[in-house]
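Asks: need a structure here:
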Amino acid sequence: MIANQPPADEYREIAGRFTTLVEAVPDDATWNRRSPVPAWTARDVVGHLVEWIPGFLAGGADLTLPQGPGVGEDPVAAWRTTSDGIQALLDDPTATDTTLVNPHIGEVALPQAIAQFCTADVFLHTWDLARATGQNEALDPQRCAMMLDGMQPLDELLRSSGQYGPRVEVPDDADVQTRLLAFIGRDPR
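Replies: Residues are numbered from 1 along each chain as shown. Below is the predicted model:
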């Protein structure tokens, strides 16, 4: 989170940008373009979020998000349904009373778990979707710096999870977005 931004506001901002990109994809041909994630298309980027976030919340907090259409059928509606469900959880004043339990992270209050894992993943995949669909790829530099600072000490753990590719070499004076993308295994070139 940036400057103690509440998790609900943070998600609203980050998911709002992602939603704008999703809604701007003009056609199936664009949805089927390759993304920077090996073997994924633009549609697969959305599919990843629509599939793993509900599973993460169900498995760790016994929460069920609303089900929308499949990503293959309607990626825009699939994303909106999932994202609106996440936002509703975060906007619920009792959300802080819910604990998410996960063998990798232990017990974490639901809003913090969503911020740390779900919101962060939406932020990172924003670049993937923008790149795949030819949209504005710029990410918030302050958030990029915060995420890079938080992730660098966990380098070995993150790589061993299989969720991040090998670090891509970039010049030492590269901007913070380029360094973050390279750290998570994306080639920003």
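Asks: From now on I want contacts and neighbour counts done on CA atoms only, so please keep to that.
Replies: Noted.
Asks: Helices along this protein, start to end?
Replies: 7-24, 28-31, 42-61, 75-91, 110-113, 120-133, 141-151, 155-160, 176-183 (DSSP state H).
Asks: Same list (those) but as CSV, adding distance to residue 103 and mean neighbour count.
Replies: Conversion of these to CSV gives the following (distance: least, C-alpha to C-alpha, whole Å; neighbours: other C-alpha atoms under 10 Å):
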stretch, distance to residue 103, mean neighbour count
helix 7-24, 22, 18
helix 28-31, 34, 15
helix 42-61, 9, 19
helix 75-91, 21, 20
helix 110-113, 13, 22
helix 120-133, 19, 22
helix 141-151, 19, 15
helix 155-160, 14, 13
helix 176-183, 25, 22
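Asks: So for residue 68, which of the ones you listed sits nearest?
Replies: Proximity to residue 68 (C-alpha to C-alpha) singles out helix 75-91 among the helices of the chain, at 5.0 Å.
Asks: Quick one, which of the helices of the chain gets closest to residue 67.
Replies: helix 75-91 (6.8 Å).
Asks: circling back: between the helices of the chain, which gets the lowest average pLDDT?
Replies: When those are compared by mean pLDDT, helix 155-160 comes last with a mean of 78.
Asks: Packing partners of that helix?
Replies: Using 3 or more C-alpha pairs under 8 Å, 6 or more residues apart in numbering; DSSP states H and E as the contact test, no helix or strand touches helix 155-160.
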